[in-house]
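Chemist: Predicted model and sequence follow; I will ask about them next.
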Amino acid sequence: QVQLVESGGGLVQTGGSLRLSCVASGERFNGALTGWFRQAPGKEREVVATINWTADRLYYADSVKGRFTVSRDNVKKEVYLQMNSLKPEDTGVYYCNANRTIGTVLKEYWGKGTQVTVFS
């Protein structure tokens, strides 16, 4: 199994920055594709950014390109999301996600989330 614990959320003014961290445990985290998702009130959960194990394939949602940076430290089993130039529409609960295929089965894991609130 994989356990994911997010931290770093908070209340920040428009234009500010936050750095989210996701600490993983469990052997099945090795090799996992990891991502950050968010869910705003009344909206569906959406992908924000993903990073593969070797960190050479990154994906960003259009809405965060140029402002957010995803990175990882596989030795520490940590994944980060640096968020700059924050906007009120970035408000939501941010979730860390990890998934990998074991055999023919896709295993997916989620953290409990960390709240990010951006006020104008």
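Modeler: Nice, I can see it. Keep in mind that this is a model prediction, so the values were computed, not measured.
Chemist: could you say which helix or strand contains the closest residue to K77 other than its chain neighbours?
Modeler: Residue nearest to K77 in three dimensions, not counting chain neighbours: A24, with 4.4 Å by CB to CB, 6 or more residues apart in numbering. C-betas here are computed from N, CA, C, even on glycine. Here A24, judged by DSSP states H and E, is contained in strand 18-25.
Chemist: Give the other helices and strands that that strand contacts.
Modeler: With contacts taken as 3 or more CB pairs under 8 Å, 6 or more residues apart in numbering; DSSP states H and E, strand 18-25 sits against strand 3-7, strand 33-39, strand 78-83, strand 92-102, strand 114-119.
Chemist: repeat that with 10 Å
Modeler: strand 3-7, strand 10-13, strand 33-39, strand 68-73, strand 78-83, strand 92-102, strand 114-119 (3 or more CB pairs under 10 Å, 6 or more residues apart in numbering; DSSP states H and E).
Chemist: And for T104, the neighbour number?
Modeler: For T104, the neighbour count with other CB atoms under 10 Å is 5.
Chemist: Phi, psi for it please.
Modeler: Main-chain dihedrals, T104, degrees, to the nearest 10: phi -110, psi 10.
Chemist: do the same with the one 4 residues further on
Modeler: When read as degrees, to the nearest 10, the backbone of E108 gives phi -130, psi 140.
Chemist: Tell me where the model's unsure across this structure.
Modeler: Along the chain, segments meeting pLDDT under 70 are nowhere present.
Chemist: Name the residue closest to the centre of it, please.
Modeler: Nearest residue to the geometric centre of the chain (CA atoms, centre = their mean): W36, 2.2 Å.
Chemist: partners of the strand holding A24, with directions?
Modeler: Sheet pairing here is set by DSSP bridges, and for strand 18-25 it gives strand 3-7 (antiparallel), strand 78-83 (antiparallel).
Chemist: Output the ones you listed in TSV, with distance to V47 and mean neighbour count appended to each entry.
Modeler: What follows is the strands paired with strand 18-25, written out as TSV (distance: least, CB to CB, whole Å; neighbours: other CB atoms under 10 Å):
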stretch	distance to V47	mean neighbour count
strand 3-7	15	17
strand 78-83	12	22
